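Participant: Return a 3D structure for these sequence lines:
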Amino acid sequence: MEDRKSMKGFLVKNFLLGILGIVICESGINILYTYVVFPYLEKQVGGPLFEGFITGNRGTGALYAVFFWMIVEMVLSLLPSVVSQSVHQFLDTNFRGIVSQRMGNILHGNSREVLNMYYAGCFIILLILLILLLIPYIVGALKFSQLTRRELQRMVEDEKRQHLEYERRRSLMLSDIAHDLKTPMTTVSGYAQALRDGMVTDEERQKQYLDAICSKSKRIDDLLSLLFEYVKIDSEGFKLHKESLDVVELLRENIALFYLDFERKGIQVELDIPEERILWELDRMYFSRALTNLLNNELRHVEKGEQVIIRLVWNEEMERVHIIFADTGSQISDEVAKHIFEPFVMGDASRSTKGGSGLGLSIASKIVKMHGGRLLLDRNSTEEYEKAFIIVLR
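Facilitator: Presented below is the predicted three-dimensional model:
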């Protein structure tokens, strides 16, 4: 869709530029013909073709008129005299304003003389001048087709690169899915087999094994749920069901769900949210999912004793909402930051120790984008926080 819009904009832009170029060239040729070429031909060639024009009619319109009369006279000279005279009479009656009566009389009275060298020479001159008038159109059409061909070629090459990048990322994603599923599955399988074979007789250890099986099973279920949601929102035909909601209240509702979790972990939460209502077209379920994914990300990656700052900024003049999830935790490396919103982008250590899947931020980014906004990573460390994830709605 974006490629179509880009191509449409490119064609319209270059077409208008081409028309502008043709108008400028035509105006230049018209001025050149009116004040330079026509006076020169009138002086050097002379004759009825130029003596008979109405005063002031010396632009390219006069050139077309002369060419028209030359063609007509050449055609009529090949027809019987009765037909020729009838057409001459019709032209005298209806198009007398184009040439003077004197010129008409000369041409009509000597129609066979149109084929002599004088008129043949004039015809060639007029033909050359008309070709010059067509040159801007020919050049404009060739240039436009050349630019269009280049743009199409560029779009095809970009599409190929995007396809190759998509295939690379898909292969990497499948590899990461297998990695994230294999680790807990291995644990579940090993512990279940040990319990089945009676290798663990101590009740305390049996309980530990069962707890591990439950924990890893839940981990697999959560991962599959996230993966299903990621595929669902990325599938063709998926649509949000938007309604007018108070974004301030929606943010408060989702923060309330995590308040006890932050408290248990010993993370201080500072809220800076206005009291006023800010209505926005949102899908309640999916926008809440984006918010909870960002809150989950803070909960997993911020340590005890550190601080999380959640702020909502309403720019009424620009009609923009900024929802900021900032913290005083560790900074994100350059390599990870480049691909932070791609699926499964996180270090293997984070996968195993913090229970992340690498899908949460990717899903949040897609959902925000579907609402017409952007999810940004701000790594400009300040006195207040180290990093921040910012939802921008506009």
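
Participant: CA only for contacts and neighbour counts going forward, please
Facilitator: OK.

Participant: Which parts of the stretch 201-350 of the chain are strands?
Facilitator: Assigned by DSSP state E, counting those that start in this stretch, the stretch 201-350 of the chain shows strands spanning 243-246, 268-272, 279-282, 307-315, 320-327.

Participant: Now render the ones you listed as CSV, adding mean neighbour count, distance to residue 335 and mean pLDDT.
Facilitator: Shown next, in CSV, are these (neighbours: other C-alpha atoms under 10 Å; distance: least, C-alpha to C-alpha, whole Å; pLDDT from 0 to 100):
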stretch, mean neighbour count, distance to residue 335, mean pLDDT
strand 243-246, 14, 37, 95
strand 268-272, 14, 28, 94
strand 279-282, 16, 33, 95
strand 307-315, 18, 24, 94
strand 320-327, 21, 20, 95
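
Participant: what stretches of the stretch 201-350 of the chain score poorly on pLDDT?
Facilitator: Counting by pLDDT under 70, the stretch 201-350 of the chain shows low-confidence ranges at 344-350.

Participant: In CSV, list the strands of the stretch 201-350 of the chain along with distance to residue 196.
Facilitator: Output for these, formatted as CSV (distance: least, C-alpha to C-alpha, whole Å):
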stretch, distance to residue 196
strand 243-246, 53
strand 268-272, 45
strand 279-282, 50
strand 307-315, 45
strand 320-327, 46
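
Participant: Out of those strands, which gets nearest to residue 148?
Facilitator: strand 320-327 (36.9 Å; C-alpha to C-alpha).

Participant: what's in contact with the closest one?
Facilitator: Where contact means C-alpha atoms under 8 Å, 6 or more residues apart in numbering, the residues beyond strand 320-327 that reach it are 294-295, 298, 302, 306-315, 385-394.

Participant: and if we set it to 6 Å?
Facilitator: Residues outside strand 320-327 that contact it (C-alpha atoms under 6 Å, 6 or more residues apart in numbering) are 307-314, 385, 387-394.

Participant: repeat for stretch 274-283
Facilitator: 240-247.

Participant: what's the most distant pair in those residues?
Facilitator: Using C-alpha to C-alpha, the two most remote members of the contacts of stretch 274-283 are 240 and 246, lying 16.9 Å apart.

Participant: how close does residue 336 get to residue 379?
Facilitator: Distance, residue 336 to residue 379, using C-alpha to C-alpha, to the nearest Å: 12 Å.

Participant: same deal with residue 232?
Facilitator: Counting by C-alpha to C-alpha, the gap from residue 232 to residue 379 is 30 Å.

Participant: Name the residue in the two with the higher neighbour count.
Facilitator: For residue 232 and residue 379, the more surrounded residue by other C-alpha atoms under 10 Å is residue 379, and the numbers stand at 17 against 12.

Participant: mind giving me the domain split of this protein?
Facilitator: Split into domains by automatic domain parsing, the chain comes to 2-155, 243-393.

Participant: where does the stretch 1-150 of the chain dip in pLDDT?
Facilitator: Where the stretch 1-150 of the chain drops to pLDDT under 70, the residues are 1-11, 22, 26, 29-30, 33-34, 37-130, 132-133.

Participant: and the helix ranked longest in the chain, what does it pack onto?
Facilitator: Taking DSSP state H as the criterion, the chain has its longest helix at helix 117-196. Helix 117-196 sits against helix 203-234, with contacts defined as 3 or more C-alpha pairs under 6 Å, 6 or more residues apart in numbering; DSSP states H and E.
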